[in-house]
Structure formats: C-alpha cells, structure tokens
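*Asks:* sequence plus predicted model, see below.
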Amino acid sequence: MATTASGIETMTYREALRLALREELERDPTVFLMGEEIGVFQGSYKVTAGLYDDFGPERIMETPISEEGFVGAAVGAAMSGQRPVVEIMTINFILVAMDQVVNHAAKVRYMFGGKVGCPLVIRTPNGAGNQLTAQHSQSFEGWFANVPGLKVVAPATPADARGLLKSAIRDDDPVLVIENLQLYKAKGEVDTSVDGAVEIGRAAIAREGSDLTMVAHTFAVTRCLHVAERLQADHGISAEVVDLRSLRPLDMETVAASVAKTNRALCVEEGWASYGVTAEVASRISLACFDDLDAPVGRVGMAEVPMPYAKSLEDAALPHEEKILAAALEVCGA
Amino acid sequence: MTLIRLFEQESERQYKRARIGGYCHLAIGQEGATVGAVAAMGPEDLLLSSYRSHGLALAKGVPATTVMAELFGRQDGCAAGRGGSMHLLDPEHNYFGGWGIVGGQLPIAAGMALAGIKEGKELAVLCELGDGAVNMGAWHESLNLAAVWKLPVVFAVFNNGYGMGTSVEQSNAEPEIYKRAAAFRMPGERVDGQDVEATYQATYALLERARRERQPAVLEVMTYRLRGHSVADAGTAYRTKEEVAEWAEKRDPIAMVTEKLMAAGVTEEELDEIERDAQREVDEAVAFAEASPMPDPSTLADFVYGDPDTGRQFSRMAPGSPAGEAAVLAQLEQAA
C-alpha cells in the first residue's frame, strides 16, 4: 500500500477487502469469518492474510471442506444475532451449499413472519481466464440476484470492494458479495481516512460518455473501460460505462438516465448471457427507455460452452475486448 | 400429549374442511417422543425441527391459538401467515422452526449452538429430524462440524419407520441409525419413543452433557406415526393395516402413559380433566384462528427484508420494472 498525507492510499482489490474485514472485525465483536483455508493458510486467494494472527481462531474460523455444513451453520449463527462473513473459495463451490443459501438464508425472515432475521455475508469470486477449466471458471451471480430475500453486490474497484463489503456486513439481511479472480490484483485509490461504506443499490458512472452506454459489473467493467478508450481513439465514439455495483437491488435509475442520454446500450457480463444479468438489464432498458433507443440493446457474455482448458479455446470463450468492441460498433451502427 | 393428539385430530378435520391448505404432516402416534424430548429441554435450550412440527411447537409452549392460526393462514399465526404448517416458529419460546427441506435444519442447529458458545451461554440445541434425513449430505456435514467444533447439539432422530413411503430398512445401509454416531466419535443412543418417560430421561442426560461438556450426540427415538406421511397419504400402500393396528392397540404412547399414571394412583377423573382442558384449548385455538383476519394483500412484501435501509436501497430499481415487482417496490419505498 502506498500512503499519502490525505489518507488516499493505492491498494489492490484484495487489500481493500482485507481492510474492510479488519475494520469490521475491530468495530463489531459479533463479526466473525468462516471459510476453507482462511486462517493459517492465509486464504486461498490471500484475502484474509494476517487476520488469523491478529484475531485468532474463534474470529477467523477455519472450516472443513463442507460448504453446505458451514454455510448452514452461518445461517444459524446469523439467526442468533451473530454476523458471520463466509468465504466460499470460488463461486463454483457454492453450488453444494445452494440449498442453504436459497432455501434457508433467503427465506428465514419472510417464511417466519419477520420474527427472526439472517444478517449473513457470503463473499466469493466469479470469473475465468487462468485455464481453470469447466468446473472453476463460472459466474453464477445472476442465479442469486433472481432470489427475493437475498441482496447481491459486485464491486469492480478497490474502493467499492471495501465500501460494499462494509455495507454488506452491516446489513441485516443476507448479502452475497461477488468478487472476481482477475480483479484481486487490480489497484486503485482508497480513502482510508473515511469510513468509506458504499450504499447498496447505487450504480456508478465509471466513465462518462455521450454516444453509447455500456452496462457491466466486476471484471467486465474493466473490459468495457478498455473498449471505451479504443472506441474513442479509433472510432470517435464516446462511450459511457455504468458499473452496476449492485445486482439486487438494481439501480435502474442510473442505467436509464445514461441510456436516455446516449440512446444506445450494450450489456456485458463475465458469465453466460442467456437468462443472465445482461438479460435482466436489457429487458428493463427496453421497458424503461423504449422511446430513447436508436438501436436494439446489445449483449455480450461468455461463449455458451463449458469453459475449455486449451488457451486458444479459453480465449475464444471469454467475453474479451474484441467481442465487446465488435458488439459496441454494431449497436452504434458503425 | 393429549393436547397434541386432540390438536392433530382437529387439524385433520380442518384440513378436510379446506380451512388448512398446503402440506400437513401430523404427529399422531409420536406424542411420547415429542413430549419426552421437548420436556427434557432446559429453559435456555433451543429447539429446531423438521416440518412435522405442530406437536413440537405445542410441546415447547407455543400457544395453540397462534399455531392453529398459522395453519389457517391467518394474520395472527405464529409466522404471520407466511409459513403455514411446515414453518412454525416462536423465538419467545425458543422454537426456531419448522423447516421444510429434509435435513436443512441440521447445519442451522449447529450454527445456533456455535452462536450460543460465542455469546458465552450455557445452552444446548435440540435438533429434531426424521429418519429420512440421515441419508442427506447435511446429516454428515452437520454431525462432523458439531463434533470437530464441539457444539452442544443433540440430534434427535424421530425414527417412525418410514421416510414418506420408503422403509428405514430399504433406504439405510445401517438401519440402526444411532450407530452412525460412532463415525463422528459421539455418543449414539436409541430409546423407545412411545415411552415418554424413557425418552425424557435419555434426552435429558444427553442435553445435560451437551451443555456441560460441549458434547454433541445422536438420540434415535423409535416411534410410529398412526397417520400417513401427510394428510394426503392414507398410509396404507407401504405398510399393512395389521401393522398400523398393532401399534395403535399395543404401542399408543398416550395409552401407555395413561396405564402408568393410573398404576401410580392418578384417578380417571383427573385424566378426564386433562382431556377436557386440552379439548377446550383446541376449541379456543380454532375460534382464535377463525376470528383472525387473512393477511391483507397490501402486506405481501412485508418481511422479505428487514434492514431499515432496504427501502432506500431498492428505491432506484423502478424504471423498467416488470409488473410483479411493483407491489414489492411500493412497499419498500413506503418503508424507506
């Protein structure tokens, strides 16, 4: 971390998450972490590095490889008033705990008439691109954003990673924090002199523009920002990039205001687009901005195949910049 | 036990009159297991259960009025009409559901025991489950976690012989379920659930040990349901009439305890009074449920979320919202 006098520090996304965890562990004694290898091993992706030494085994609770068991235990602890923050090593492994997330955590408050709540946080990264192949390269956040009772946030910058994780931990309802494997090493500025909590349900304008609105979350935001530079430099197209930051609730006011200005929209995500986050956003844009649109809403996601291993095939499957650029040009009629 | 029997008979009648909807799983025949296990709980102990929950809720002290109102789907039900038969809950009486996915309550019970330890409380969790739950992954994961984390949970397996219509022998490589506790190096015991006193004693000892030594355990409570899996099941396709009749005649837990009580000097008049009181409680429960209004449709979205900021968080979602979402958004905005 590089520090300046003002409190603005440059740090990685991973460090920003760690900072939020540390700050919340210090602030609230009911906050504790659970997950595989988050203690002595320092975290599979090192997000929790150092916390075990500072907070001990009761606050940084190492678990067996037993996602259904420990996610369920976190639901029970949350119902009792604790604030567990569960790390699922990657989003691929949450499927074996799906019953606890969807049938239990999401239902607790409503199904029991508001008598008990579930202030649970689940942190887990999505994403692909390291030849991790079919079972370790997926992005399921749309599945969870489909479920009333859950909230889903998806930060794309270090400042938002810190701020949204803090808000998630303080929220009285179950929140999934979708991180991203590619973003863990990404650097950005974080103002450590302020609390920095980011309100859930607020999208951000990651880049201003006037000709095209690109809507994305997590690593797709980074891809869109790169594409926006190329659109400007090579084609004279001014693209605005909306970083959703929150998938449920979804900030359609920001998206619609942008599209009303640009009259064109392209939705991008890391996962499969069919029935995905882009499907939801595109549908809502069509309803909210029908009179504003000069072209059909475009969408880019991962190729609809299980992720292959060979580098040439993986590259062909990823929603990489060339695909996004081509789709942007098509939406712009260029 | 008498209250549970009469309450369940009334539930069956009200279901047939279509006053109760959905699934409805009765505990008739399981009153000894139910009361014996729950009566053994300490005042701080917590109860979680499967969806065969009416009897357990009543045994834990949840008022029959709010239970019946919940079965009726009324506003004053213990889950405000959101839960129904399978999802009763009453934190005031330390009853934490009423869960509908087989085995789903097991890890949650472990987590509540963990929270108790974190809060420095000397409490145990009694987690009731059916015999069908022991072949779920959640069983294995929860028992393992309870053992490695030394959590004060007693897993009370109400073995009534059948998971829906499939017998325990047919579905279990080890049908003596209590023996499976050995795989987790925890005590495993079996008790006659038709004998309320024996069930009480066995549960009491294991709960006490759980509290004092943080020692989880499995208690297999052998019982029998005299009705089908739910009111929609006649309960005859997978077992003989003779088998049911034999349990009803020789192993009815209420008849068994009545005999014991009379031998101990309790008079017939005293027993009649218990039954009259229980019947009055059931009648009052039905009257209460009938008088309670249906939840107002304008409250549809109440309790989806509880965080005070939720209304504000969702307030920017409206543009392009599909129609089904309008009521929810309006509700959340109102809350904001």
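*Replies:* Received the coordinates, thanks. Keep in mind it's a predicted model, so treat the numbers as computed, not measured.
*Asks:* tell me the contacts of A:G7?
*Replies:* Taking CB atoms under 8 Å, 6 or more residues apart in numbering or on different chains, we find A:G7 in contact with A:D191, A:T192, A:S193, A:V194. Every residue, glycine included, has its C-beta placed from N, CA and C.
*Asks:* where's it relative to chain B, distance?
*Replies:* Applying CB to the nearest CB, to the nearest Å, the value for A:G7 to chain B is 26 Å.
*Asks:* check which helix or strand the closest residue to that residue other than its chain neighbours maps to.
*Replies:* For A:G7, ignoring the flanking residues on the chain, the nearest one in space by CB to CB, 6 or more residues apart in numbering or on different chains is A:S193 at 2.7 Å. Using DSSP states H and E, A:S193 maps to neither a helix nor a strand.
*Asks:* you'd agree A:S193 is up against A:S6?
*Replies:* Yes - contact criterion CB atoms under 8 Å: A:S193 and A:S6 qualify, at 6.9 Å.
*Asks:* show the pLDDT at B:H229.
*Replies:* Here, the pLDDT recorded for B:H229 equals 93.
*Asks:* residue contacts, residue 95?
*Replies:* Unless you meant another one, I'm taking chain A. Contacts for A:L95 (CB under 8 Å, 6+ apart) come out as A:F140.
*Asks:* oops, I was thinking of chain B
*Replies:* By CB under 8 Å, 6+ apart, the contact set of B:Y95 is B:L46, B:L47, B:S49, B:L56, B:A57, B:K60, B:G61, B:V62, B:L88, B:L89.
*Asks:* so which of those also contact chain A?
*Replies:* Among these, the residues lying close to chain A (CB under 8 Å from any CB of the partner chain) are B:L89.
*Asks:* turn the contacts of B:Y95 into a markdown table, including pLDDT and distance to A:A326.
*Replies:* Converted to a markdown table, the contacts of B:Y95 look like this (pLDDT from 0 to 100; distance: CB to CB, whole Å):
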| residue | pLDDT | distance to A:A326 |
| --- | --- | --- |
| B:L46 | 98 | 58 |
| B:L47 | 98 | 60 |
| B:S49 | 98 | 57 |
| B:L56 | 98 | 61 |
| B:A57 | 98 | 60 |
| B:K60 | 98 | 63 |
| B:G61 | 98 | 66 |
| B:V62 | 98 | 62 |
| B:L88 | 97 | 56 |
| B:L89 | 98 | 54 |
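*Asks:* quick check on the contacts of B:Y95: which are buried?
*Replies:* B:L46, B:L47, B:S49, B:L56, B:A57, B:K60, B:V62, B:L88, B:L89 (16 or more other CB atoms under 10 Å in any protein chain shown).
*Asks:* list the ones among these that fall in helices.
*Replies:* The helices, defined by DSSP state H, take in B:L56, B:A57 from those.
*Asks:* which pair of the buried ones among the contacts of B:Y95 spans the longest distance?
*Replies:* For the buried ones among the contacts of B:Y95, the farthest-apart pair by CB to CB is B:L46 and B:L88; their separation is 14.3 Å.
*Asks:* buried stuff in stretch A:64-73?
*Replies:* Within stretch A:64-73, the residues that qualify as buried are A:S66, A:E67, A:E68, A:G69, A:F70, A:V71, A:G72, A:A73, counting by 16+ other CB under 10 Å.
*Asks:* just the element for the fourth one, please.
*Replies:* In this assignment (DSSP H and E), A:G69 forms part of helix A:67-79.
*Asks:* hmm, who's touching whatever helix or strand comes next after that helix?
*Replies:* As assigned by DSSP H and E, the chain's next helix or strand after helix A:67-79 is strand A:83-87. Strand A:83-87 has contacts (CB under 8 Å, 6+ apart) with A:21, A:24, A:28, A:30-36, A:38, A:43, A:47-48, A:70-71, A:74, A:77-78, A:119-124, A:169, B:111.
*Asks:* please parse the chain into its domains.
*Replies:* Reading this off chain A. Per the record, chain A has its domains at A:12-191, A:204-331, by automatic domain parsing.
*Asks:* try again with chain B
*Replies:* Domain assignment of chain B by automatic domain parsing yields the ranges B:2-286, B:297-335.
*Asks:* in three-state terms, how would A:K115 be classified?
*Replies:* Put simply, A:K115 is coil when judged by DSSP: H, G, I helix; E, B strand; the rest coil.
*Asks:* contacts only, for it.
*Replies:* With the criterion set at CB under 8 Å, 6+ apart, A:K115 makes contact with B:C78, B:A79, B:A80, B:L89, B:D90, B:P91.
*Asks:* try it again at 10 Å.
*Replies:* Applying CB atoms under 10 Å, 6 or more residues apart in numbering or on different chains to A:K115 gives the contacts A:108-109, B:78-80, B:82-83, B:89-92, B:96-97, B:303.
*Asks:* which one of those is nearest to A:K311?
*Replies:* A:V108 (44.1 Å).
*Asks:* skipping adjacent residues, who's closest to that closest one in space?
*Replies:* Spatially, and ignoring its direct neighbours in sequence, A:V108 is nearest to A:C118 (4.3 Å; CB to CB, 6+ apart).
*Asks:* in the stretch 201-336 of chain B, which residue sits nearest chain A?
*Replies:* Residue of the stretch 201-336 of chain B nearest chain A, by CB to the nearest CB: B:G320 (3.1 Å).
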